[in-house]
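In: Sequence and predicted structure, then a few things I'm wondering about:
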Amino acid sequence: MLDVPNHRSAKFITFEGGEGVGKSTQVKRLLANLGQCSVTAVRTREPGGTPKAEAIRSYILQGRSESWGAGAEAVLFAAARLDHVTQLIAPNLAKGTWVISDRFCDSTRAYQGLTGGVDVKLIDALEVLALDGHVPDLTIVLDMDPATAFQRVELRAIEDGLALTGDRFEKEELDWHRRLRDGFLDIARNNPQRCVVLSAEQSEEALAAAIWNVVIARFPQLQVGAGA
Ligand SMILES: Nc1ncnc2c1ncn2[C@@H]1O[C@H](COP(=O)(O)OP(=O)(O)OP(=O)(O)O)[C@@H](O)[C@H]1O
Ligand SMILES: [Mg+2]
C-alpha cells in the first residue's frame, strides 16, 4: 500500500482503468474544471510523458520487447516512469503546477503484475524506485464492463476514420480484460485512502461531475462552485 503525501500545495492526480473506459476524455474535462478554478495544471500520460519515456512506450507497444518476457518489460516501464517522474512530474509539482496523468503506476501493477504474471515483489521494488516518493494524491479508477468499453473503442476508431488494429494489449481476449478490471478493483481496495472507484457506465457529463465532486471533496482548497 502506498502512503498518500499531503504536504504539497500542487496535487498529483492519476486516472486508471481498462481500455476505452473514458480516461483520456475525463482527464481533459478535469483539466478544464481546474482551469475554471484558476489552478495551473499539466496533462501527461503513461507509458510515456517525456521524450525518452515515449520512446520506450513505442518500443514496448509495438511488441519489440515481447520476447524479453514480462519481468524485463516491467523494468523498461520503470525506466520510463523514472524519467517521467524526475523530468516532468516532480519539477511541475515543485513549482506549484498540478499534474494529471492518464495512467500511472497502477497500470503496471494491473497489466504486468496481476494479469501479466510478474512477481509482485519485483513490481513493489520497481514502484518504489521509479516513484521516488511521488505517490499520487488521488487516483480515479474508472470501472466498467470491458465488453461495453470495447464498443466505445470501436466507435472511436470509426469516428477517427481508423481501422481497429489496436496495440498489443488491446488485442487481448475479453476474459483477460475482465481479469484486468478485477486487478484495478483489487488495487483500489488495497489503497482506500488514495483510490476512488467510479462507474464509467454513465454519460460523459455525469461522470465528469462525479469526478469533480470527488476532487473538490478531497482538495477543499479548490474554489467551491466552479467547474463541472
Ligand atoms: N461516458 C462516456 N459515454 C460514452 N462514450 C464515452 C464516454 N466517455 C468517453 N467516451 C467515448 O469512448 C471512447 C473511448 O474514450 P477514451 O478515449 O477517453 O477512453 P480511454 O480510457 O482513454 O481509452 P484507452 O485506454 O484506449 O486510452 C471515445 O470515443 C470517447 O469519446
Ligand atoms: Mg486514452
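Out: Now that the structure is in, tell me what you want to look at. Ligands and ions are numbered 1, 2, ... in the order given.
In: This protein against ligand 1: which residues are in contact?
Out: Counting by Cβ under 6 Å from any ligand atom, the positions of the chain adjacent to ligand 1 are 19-25, 152-153, 155-156, 203-204, 207. Every residue, glycine included, has its C-beta placed from N, CA and C.
In: These into CSV, with extra columns for pLDDT?
Out: As requested, the residues of the chain next to ligand 1 are arranged in CSV below (pLDDT from 0 to 100):
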residue, pLDDT
E19, 93
G20, 94
V21, 97
G22, 97
K23, 98
S24, 97
T25, 97
R152, 89
V153, 88
L155, 87
R156, 86
S203, 97
E204, 97
L207, 98
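In: and V153, how far is that from Q62?
Out: Between V153 and Q62 the computed distance is 19 Å (Cβ to Cβ, to the nearest Å).
In: do T44 as well
Out: Distance of T44 to Q62, given as Cβ to Cβ: 21 Å.
In: Show me which of the two is the more surrounded one.
Out: The residue with more neighbours, out of T44 and Q62, is T44; 20 against 11, by other Cβ atoms under 10 Å.
In: Tell me the secondary structure at the more buried one.
Out: What DSSP: H, G, I helix; E, B strand; the rest coil gives for T44 is strand.
In: How about the one 5 residues further on?
Out: Of the three states, G49 takes coil according to three-state DSSP.
In: quick one: pLDDT of it?
Out: Looking at G49, its pLDDT stands at 97.
In: Quick check: the nearest residue to it once chain neighbours are set aside vs F77, distance?
Out: Nearest residue to G49 in three dimensions, chain neighbours excluded: H84, at 4.0 Å (Cβ to Cβ, 6 or more residues apart in numbering). Per Cβ to Cβ, H84 is found 10 Å from F77.
In: Over to V215?
Out: For V215 relative to F77 (Cβ to Cβ), the value is 27 Å.
In: neighbour-wise, which of these two wins?
Out: Neighbours per residue (other Cβ under 10 Å) separate V215 from F77, with F77 holding more: 26 against 22.
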